[in-house]
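S.K.: Structural data only, the sequence is not supplied:
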């Protein structure tokens, strides 16, 4: 039952934090806020499971933070209607590097740092 509460909580918190980091103009904010966000979101996920810890919860937390943080910019664009999925797939097929570089790097850096911090703090 605990994982059923921890996974959505971690995904939503990671998506919100990643979206906020995306709009902070300072690039290194993602570097400094990644470990802080990973610590806080990891503690929130541990709280949802009744303060459980261990390698399984750590792996779930890392996967949830990584997927929530990376998908947040795309979900935001999709909700605003700015992302044409057909054109995105066409761009990806034609030149994957151009599509990746066009994506904001702050949410990606934040997600990597937050996921690794949450993994080692919960474990």
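M.R.: Received, thanks. Note that this is a predicted model, so its numbers are computed, not measured.
S.K.: count of residues packed around residue 75?
M.R.: 14 (other CB atoms under 10 Å). From N, CA and C alone the C-beta is placed, and that goes for glycine too.
S.K.: typed the wrong thing, it's residue 8
M.R.: Using other CB under 10 Å, residue 8 has 13 neighbouring residues.
S.K.: Roughly how far does it sit from residue 15?
M.R.: Residue 8 is 11 Å from residue 15, where distance means CB to CB, to the nearest Å.
S.K.: what's the answer for residue 107, then?
M.R.: Computed as CB to CB, the residue 107 to residue 15 distance reads 9 Å.
S.K.: who touches both of those two?
M.R.: Both residue 107 and residue 15 are contacted by 69, 72, under the criterion CB atoms under 8 Å, 6 or more residues apart in numbering.
S.K.: what about those two, which has more around it?
M.R.: Just comparing residue 107 and residue 15: by other CB under 10 Å the higher neighbour count belongs to residue 107, 26 against 22.
S.K.: Spit out the contact partners of that one.
M.R.: Residues counted as contacts of residue 107 (CB under 8 Å, 6+ apart) are 18-19, 21-22, 30, 69-70, 72-73.
S.K.: Good, wrapping up.
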